[in-house]
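Engineer: Based on what follows, work out the 3D shape:
(one chain, ligands or ions: 1)
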Amino acid sequence: MLFKLKNSESRILLIILSVIFASSSIIYAQKYDYKHIADSVLNYSLSERAGYKWLRELCNIGPRLSGTDNYQKATDWAVQKFTEIGCDSVWLQTVKVPFWVRGEKESAEIVSPEKAAGRKLSIASLGGSIGTNGILKAKVIEVSNFDDVKNLSPSEAKGKILFFNEPFDQSEPTTFRSYGKAVRQRGNGAIEAAKLGGVAALVRSVTSKPDNVPHVGMMRYADSVMQVPAAAIGVEDADYLSSLLKSNPDVEVSIEMDCSPMGEADSYNIIAQVNGSEFPDEVIVVGGHFDSWDKGHGAHDDGAPCIQTMEVLHQIKVLNLKPKRTIRCVLFANEESGLRGAVEYGKYAETAKEKHYAAIESDRGVFTPRGFNIDADSMVIAEMQAWLPYLNKLKIDWIRKGSSGADISRIKNTKALIGYVPDDQRYFDFHHSANDVYQSVNAREMQYGTAAITLLAYLISQEGLK
Ligand SMILES: [Zn+2]
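Structural biologist: Purely as a prediction, here's the structure:
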């Protein structure tokens, strides 16, 4: 009797059951309708431009050289943003970083030949360099390809300024390859100069842009070799100096720099997350490095890319996407002059109870999206390639094996380390120079990238990886 239903009652039960079934399948379909989610993420990203607005605020603080007050102010700003986003947790990880001060004096000019005397040269001290301790005056010897420094003898170079003038190879289709070749002279120029008895290194700016703005960056010393000052010179002035040397090999230049390494300072990795609903202990990291060089605003390198990854959390919250796995944003300290933030986070990741499932880094500027480089097994890469139909809408053309990024490289045992790859043709026009300002960022290009990174993080969170 209990299970016998009248006709009317069974009809009602049938209706109730079919409503439950229909609504659950709608929820199911909505939850996994990535095409629709891709549209929503892109629409929100382009129309609201939240990250691009934040970039103006961040750039107004100024550049974020490691260990400076500006980095601290930017840290406070990021913590406030993460709090406003409504993250489940926000915390700082203390990192000891090298502290270097540029100083007030930074100039160079031609001393002889007479016809060129007094002509100023556009220079900037390289990061980590010692100063000149007053005005340094010396003859100049040019090295037009960094490999040629091996052919110089101490008798030719002793007491001279070594002028490393290897150009950025414009014939390379990929600018990162040209950068990789030419940047050796910036990193090692001072060491090679000192080995030959040289008194300073003057390094042609490593840039794709033929202007006269010096592009800075890190240089190194070696324990066994004397330290000599090192500065970058604008490309136009490098060409001028080179042509002057051709007509007069006794060109003399004076340089004055009062920069100085000042030991170490406290800095921070800034970390925030939205907890996963099903697998909260499986963490997907998104991030970039929050420090920058001190010329310009550090907009493309790496302020705007950091903001793209901050906005991943924002979009997850405002679009109510409810990730199954935890999505964590890490803004790494000190990539530019030591990678200390990455090392510190790597140590934490090794001992943490949670599993670092995957990581996505954005550190190649914020130009139009192109693809994702994946450091993972081919099975995992193939699995992600199957998501391309969703990502194509966000201007992601490809997903392929490749190197991910410096900061996430210290996170071990993940299923995938991923580097976001936007178009690279203009990046080195701005990189490490006064050209890298808020005004150099295109809002639409930046926001397209934000949408692409958000969708990829979400797909990994929902679908998992083999
Ligand atoms: Zn960078």
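Engineer: near the ion, which residues of this protein?
Structural biologist: With CB under 5 Å from the ion as the criterion, the chain meets the ion at residues 301-302, 363. Using the backbone N, CA and C atoms, a C-beta is placed for each residue, glycine as well.
Engineer: Between these, which sits nearest residue 162?
Structural biologist: The closest of the residues of the chain next to the ion to residue 162 turns out to be residue 301 (CB to CB; 26.9 Å).
Engineer: Pretty sure the closest one sits in a helix.
Structural biologist: Yes. Residue 301 forms part of a helix when assessed by DSSP: H, G, I helix; E, B strand; the rest coil.
Engineer: got the residue ranges for the strands in the stretch 101-250 of the chain?
Structural biologist: Here the stretch 101-250 of the chain has its strands, by DSSP state E, counting those that start in this stretch, at 106-112, 120-121, 123-125, 135-143, 161-164, 200-204, 230-233.
Engineer: What about the residues of the chain next to the ion, which one has the most neighbours?
Structural biologist: residue 302 (31 neighbours; other CB atoms under 10 Å).
Engineer: looking at it, residue 196 is touching residue 152, isn't it?
Structural biologist: Yes. Taking contacts as CB atoms under 8 Å, residue 196 lies within contact range of residue 152: 5.8 Å.
Engineer: Need the strands of the stretch 101-250 of the chain in TSV (columns: mean neighbour count and mean pLDDT).
Structural biologist: Shown next, in TSV, are those (neighbours: other CB atoms under 10 Å; pLDDT from 0 to 100):
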stretch	mean neighbour count	mean pLDDT
strand 106-112	18	98
strand 120-121	16	98
strand 123-125	26	98
strand 135-143	19	98
strand 161-164	28	98
strand 200-204	29	98
strand 230-233	30	98
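Engineer: Make TSV out of those strands and add distance to residue 359.
Structural biologist: Putting these into TSV (distance: least, CB to CB, whole Å) gives the following:
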stretch	distance to residue 359
strand 106-112	37
strand 120-121	42
strand 123-125	33
strand 135-143	39
strand 161-164	35
strand 200-204	33
strand 230-233	32
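Engineer: and residue 111, what does it touch?
Structural biologist: Residue 111 makes contacts with 117, 137, 252-254, as judged by CB atoms under 8 Å, 6 or more residues apart in numbering.
Engineer: repeat that for 10 Å
Structural biologist: Contacts for residue 111 (CB atoms under 10 Å, 6 or more residues apart in numbering) come out as 117-119, 135, 137-140, 251-254.
Engineer: Extract the CA atoms of the helix or strand that residue 360 is a member of and return them as PDB.
Structural biologist: In this structure, residue 360 sits in strand 355-361 according to DSSP states H and E. The C-alpha trace of strand 355-361 is given here as PDB (Å, rounded to 0.1, in the frame of the first residue of the first chain):
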ATOM      1  CA  LYS A 355      50.400  19.700  -3.400                       C
ATOM      2  CA  HIS A 356      51.600  22.200  -6.000                       C
ATOM      3  CA  TYR A 357      49.600  21.000  -8.900                       C
ATOM      4  CA  ALA A 358      50.600  23.400 -11.700                       C
ATOM      5  CA  ALA A 359      52.000  26.900 -12.100                       C
ATOM      6  CA  ILE A 360      51.600  29.600 -14.700                       C
ATOM      7  CA  GLU A 361      54.000  32.500 -15.000                       C
END
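Engineer: quick check, distance from that strand to the centre of its chain.
Structural biologist: 17 Å (CA atoms, centre = their mean, to the nearest Å).
Engineer: and that strand, what's its mean pLDDT?
Structural biologist: The pLDDT scores in strand 355-361 average 98.
Engineer: Residue ranges in this protein under the pLDDT threshold?
Structural biologist: 1-32 (pLDDT under 70).
Engineer: And the helices in it?
Structural biologist: For the chain, the helices defined by DSSP state H cover 7-31, 34-48, 50-61, 69-85, 154-157, 175-195, 235-247, 304-318, 340-351, 378-385, 388-392, 427-430, 443-463.
Engineer: So which of those helices has the densest surroundings on average?
Structural biologist: helix 304-318 (a mean of 27; mean count of other CB atoms under 10 Å).
Engineer: still on that earlier bit, now do the shared contacts for residue 196 and residue 152.
Structural biologist: Common neighbours of residue 196 and residue 152 (CB under 10 Å, 6+ apart) are 141, 143, 160, 162.
Engineer: In TSV: those, plus distance to residue 273.
Structural biologist: Shown next, in TSV, are the shared contacts of residue 196 and residue 152 (distance: CB to CB, whole Å):
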residue	distance to residue 273
141	54
143	49
160	54
162	48
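Engineer: Looking at the residues you listed, which two lie furthest apart in space?
Structural biologist: 143 and 160 (10.8 Å).
Engineer: Mutual contacts of those two, please.
Structural biologist: Common neighbours of residue 143 and residue 160 (CB under 10 Å, 6+ apart) are 152, 193, 196.
Engineer: Among these, which one sits closest to residue 414?
Structural biologist: Using CB to CB, the shortest approach to residue 414 within the shared contacts of residue 143 and residue 160 belongs to residue 193, at 40.7 Å.
Engineer: where's the residue nearest to that closest one when sequence neighbours are not counted relative to the ion, distance?
Structural biologist: Nearest non-adjacent residue to residue 193, counting by CB to CB, 6 or more residues apart in numbering: residue 162, 3.9 Å away. Per CB to the ion, to the nearest Å, residue 162 is found 27 Å from the ion.
Engineer: what sits against residue 162?
Structural biologist: Shown here is residue 162, whose contacts under the criterion CB under 10 Å, 6+ apart are 138, 140-143, 149, 152, 185, 189-190, 192-203, 228, 230.
Engineer: quick one: the closest residue to residue 86 other than its chain neighbours and residue 37, what's the gap?
Structural biologist: In this structure, residue 86 finds its nearest non-sequential neighbour in residue 317, 5.3 Å apart by CB to CB, 6+ apart. Taking CB to CB, to the nearest Å as the measure, residue 317 falls 14 Å from residue 37.
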